[in-house]
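Visitor: Based on what follows, work out the 3D shape:
(2 chains)
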There are 2 protein chains.
Amino acid sequence: MRIGIIGTGVVGQTLGTKLVSLGHQVMLGSRTKDNEKGLAWTRQAGPGGSTGTFAEAAAFGEVVLNATGGTVSLEALRAAGAEHLAGKLLIDVSNPLVFGPDGGVTLAPVNTDSVGEQIQREFPEARVVKALNTLNCALMVEPGKLAGEHNLFIAGNDAGAKAETVALLGEFGWPAGWIVDLGDITGARATEMMMPFWLRMMGHFGNAEFNYSFKRPR
Amino acid sequence: MRIGIIGTGVVGQTLGTKLVSLGHQVMLGSRTKDNEKGLAWTRQAGPGGSTGTFAEAAAFGEVVLNATGGTVSLEALRAAGAEHLAGKLLIDVSNPLVFGPDGGVTLAPVNTDSVGEQIQREFPEARVVKALNTLNCALMVEPGKLAGEHNLFIAGNDAGAKAETVALLGEFGWPAGWIVDLGDITGARATEMMMPFWLRMMGHFGNAEFNYSFKRPR
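Guide: Presented below is the predicted three-dimensional model:
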């Protein structure tokens, strides 16, 4: 499958490398065509990987992943172009982290809105699914690193898009039964708002190698 | 120990009943002395349970639990009286849920503040610990209902107050190793902001009999 990834940061590169290893054609998109991180990734990604502008990556992909920071995602996707997103599954991996001068982290938007909702409103013809924004990217593409069942959460308005997302995550190694459907795209608020807790838990564990699971009655 | 509980709702009653069963003296506080829910609880709680005003319950307790809704907690604690909270461990169990006309739930405060922080600011002489606000009250007092290790989260500025909280939770059945210290009282933001996710998960499971746990590397 041809997959366009918006964003050349660690998350975009990690997802891109995994997708290439699975046999997909991947284009990483950045603001400028000669983005250093994108070019460096392309050199080591092998023949399945390439780099382009946001618009080129979005046009290239049959599926598009948003791996930009949540506070700049709308701007990046506008540059990608609504015409290159229309009708496509658009998996939004972002979190809208705002780093304060005191080292504190807040979210914008939050509570009454989310990046997932913003994107779906701005690009009504894209089929947006919020996913993967609740864990470290190394675990996104290798769930078997952790022992036992742990969970992912998806939210979106289009049932078909969510099924396609579950299938793609299955290629990463996620059993469908580990993926919880939180409902429509407003569910993105719920998972984005877990980020302050996730950051505290990272402080507790001393690293990002953990994920959520649930205990139920005996 | 004498324990004052601010709030006569299901959470306050459940905590009160458990504490009486453990041999503590418990006074449930409400706005008015003749609160129906408080009186009904007192009749079935046995000799260890009583009811009074917010101020009477706070004055009675060597430890005070805030079990009011988070959006009215400050008002209830003002009625309880700063002089009755000074120097005491004040465990804040609240979540600031705002129920919208469309059935949606948002939080106020959120993101840059929390009920836990509001209370600590308004009552600087109280030793506030945020705790227990991430799971259903039936599980708060009976963690063994769920199979295996699952977790609680505490936050507060006073290490001694957190140690006292862990000891009290130990009486409920929580091993100290299951309780994660998220740091100072700003950690209350993190746990309060999990509530939208918790509500979605309740929808997923169909009931409130679940709690968080974590998976780590093999």
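Visitor: what's the residue at minimal distance from the centre of chain A in contact with, if anything?
Guide: By C-alpha atoms, centre = their mean, chain A has its centre lying nearest to residue A:93, at 2.0 Å. Residue A:93 makes contacts with A:11, A:15, A:65, A:66, A:67, A:131, A:132, A:133, A:140, as judged by C-beta atoms under 8 Å, 6 or more residues apart in numbering or on different chains. From N, CA and C alone the C-beta is placed, and that goes for glycine too.
Visitor: from these, which ones fall inside strands?
Guide: The strands, defined by DSSP state E, take in A:65, A:66 from the contacts of residue A:93.
Visitor: Before we go further, residue A:150 is sitting in a strand, right?
Guide: No. Judged by DSSP: H, G, I helix; E, B strand; the rest coil, residue A:150 forms no part of a strand; its state is coil.
Visitor: Against chain B, how distant is residue A:53?
Guide: With the distance defined as C-beta to the nearest C-beta, to the nearest Å, residue A:53 ends up 33 Å from chain B.
Visitor: Let me see the contact set for the closest residue to that residue other than its chain neighbours.
Guide: Spatial nearest neighbour of residue A:53, excluding adjacent residues (C-beta to C-beta, 6 or more residues apart in numbering or on different chains): residue A:33 at 5.4 Å. Shown in contact with residue A:33 (C-beta under 8 Å, 6+ apart): A:51, A:52, A:53, A:56.
Visitor: And the pLDDT at residue A:33?
Guide: At residue A:33, the pLDDT value in this model is 85.
Visitor: Can you check my assumption that it lies in a strand?
Guide: No. Secondary structure of residue A:33 (three-state DSSP): coil, not part of a strand.
Visitor: Residue A:52 contacts residue A:27, correct?
Guide: Yes. Between residue A:52 and residue A:27 there is a contact at 5.2 Å, judged by C-beta atoms under 8 Å.
Visitor: more neighbours, the two?
Guide: residue A:27 (25 against 19; other C-beta atoms under 10 Å in any protein chain shown).
Visitor: and the more buried one, what helix or strand is that in?
Guide: Following DSSP states H and E, one finds residue A:27 within strand A:25-30.
Visitor: and that strand, average pLDDT?
Guide: Average pLDDT, strand A:25-30: 98.
Visitor: how much distance is there from the next helix-or-strand element following that strand to the middle of the chain?
Guide: The first helix or strand that comes after strand A:25-30 along the chain, using DSSP H and E, is helix A:36-45. Distance of helix A:36-45 from its chain centroid, counting by C-alpha atoms, centre = their mean, to the nearest Å, is 19 Å.
Visitor: Am I right that residue A:126 is in contact with residue A:84?
Guide: No. Judged on C-beta under 8 Å, residue A:126 makes no contact with residue A:84 at a distance of 9.5 Å.
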